[in-house]
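Participant: Let's see this in three dimensions:
(one chain, ligands or ions: 1)
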Amino acid sequence: MGILDNKVAIVTGSASGMGKAIAELFVKEGANVLLADFNSDGAKEVSDALNSQGGKTEAMKVDVSQADDIHSMFDKAVELFGTVDILVNNAGIMDGFEPVGEISDERWDKVFDVNTKGVMRAMRKAVNYWLDNDRKGTIINTISTGGLNGAHAGVAYGASKHAVTALTKNTAFMYAEKGIRVNGIAPGAVETNIGSSMTNMSEFGFSRAQLTHGLSPRSGKPDDIGHVAVFLASEESSFVNGTIIVADGGWTS
Ligand code: NAI
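Facilitator: Below you'll find the predicted structure:
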């Protein structure tokens, strides 16, 4: 018995990093998972490994910045598993560290299309699915401590993640009475592809020590975030709504 037995989850950005860990831990807790990533080979590899251990998962090529892909992703999960209970909007890009004086319109739009508009579209699809079918559901957004505070990250990334914080809180507030919960996770520095891009920041004029304020005792592992996602997806967090859980080892405390 797992705490997500027979639940159906969609996890975006699950070919690597935190999304992969979230999918793995969800399966361990009994969930069926659609792994949605634009790295379809990577997602298939994760899915095959999980299925060989008895998991029920499927991989799908999805670009979260494309509206049609969001619709197909949801429809596919329903076709495969009968419904959707949990949506994890985890796919994201960092794509540069420019401050506002240097940001181009193109970079801004690219980061927002993936990190913010993609999340909004998936949330809209999920909420309408649950309302139309008289079902309850839960949404978890992978945000960032850079979506709560000023940080040594690019302005487009920080602003895109602050927007997801607002999306999370507004949607939780607006749909709480319908039994829809929406929460976020704000990871600090986690060892993933994106995480390693943050360790080489000297070209942007600041060091990792500045990035972490020297407070974090260690960098995070993807499973550190996965365990928080399992809690937020489960009934054990049924009274937690509209909250962003910071998982950063104390970095921003
Ligand atoms: P990662 O690079 O290992 O994983 C991101 C995944 O998203 C990849 O599998 C990638 O193929 C996928 N992806 C990227 N663009 C996509 C798109 N348009 N459509 C579908 N899939 C797409 O990086 P990580 O760190 O696991 O990132 C997960 C989330 O965590 C992101 O939203 C990121 O902004 C956030 N985050 C990461 C931190 C870190 O230190 N690693 C810190 C705070 C937040």
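
Participant: Next up, the contacts around the residue nearest in space to the middle of the chain.
Facilitator: Centroid-nearest residue in the chain, with Cα atoms, centre = their mean: N90, separated by 1.8 Å. If you count contacts by Cβ atoms under 8 Å, 6 or more residues apart in numbering, N90 has them with 11-14, 18-19, 22, 140-142. C-beta: built from backbone N, CA, C; applies to glycine.

Participant: Farthest-apart pair in those, please.
Facilitator: Largest separation among the contacts of N90 by Cβ to Cβ: S14 and N141, giving 14.3 Å.

Participant: ok, then the element right after the lowest-mean-pLDDT helix or strand in the chain?
Facilitator: Every helix and strand of the chain was ranked by mean pLDDT, DSSP states H and E. The lowest is helix 208-212, at a mean of 53. Stepping forward along the backbone from helix 208-212, the first helix or strand reached (DSSP states H and E) is helix 222-233.

Participant: wait, does the next helix-or-strand element following that following helix contact the ligand?
Facilitator: Of the helices and strands lying after helix 222-233 in sequence (DSSP H and E), the nearest is strand 244-247. No - figure legend: strand 244-247 not in contact with the ligand (Cβ under 6 Å from any ligand atom); closest approach 9.1 Å.

Participant: Up against the ligand, what does the protein have?
Facilitator: Contact residues (Cβ under 6 Å from any ligand atom) of the chain with the ligand: 12-13, 15-19, 37-39, 42, 62-65, 90-93, 114, 142, 144, 187, 189-190, 192-195, 198.

Participant: who touches the nearest residue to S238 once chain neighbours are set aside in this structure?
Facilitator: Closest residue in space to S238, ignoring its immediate chain neighbours: R181 at 7.5 Å, by Cβ to Cβ, 6 or more residues apart in numbering. Neighbouring residues of R181 by Cβ under 8 Å, 6+ apart: 137-139, 172, 237-238, 240-241.
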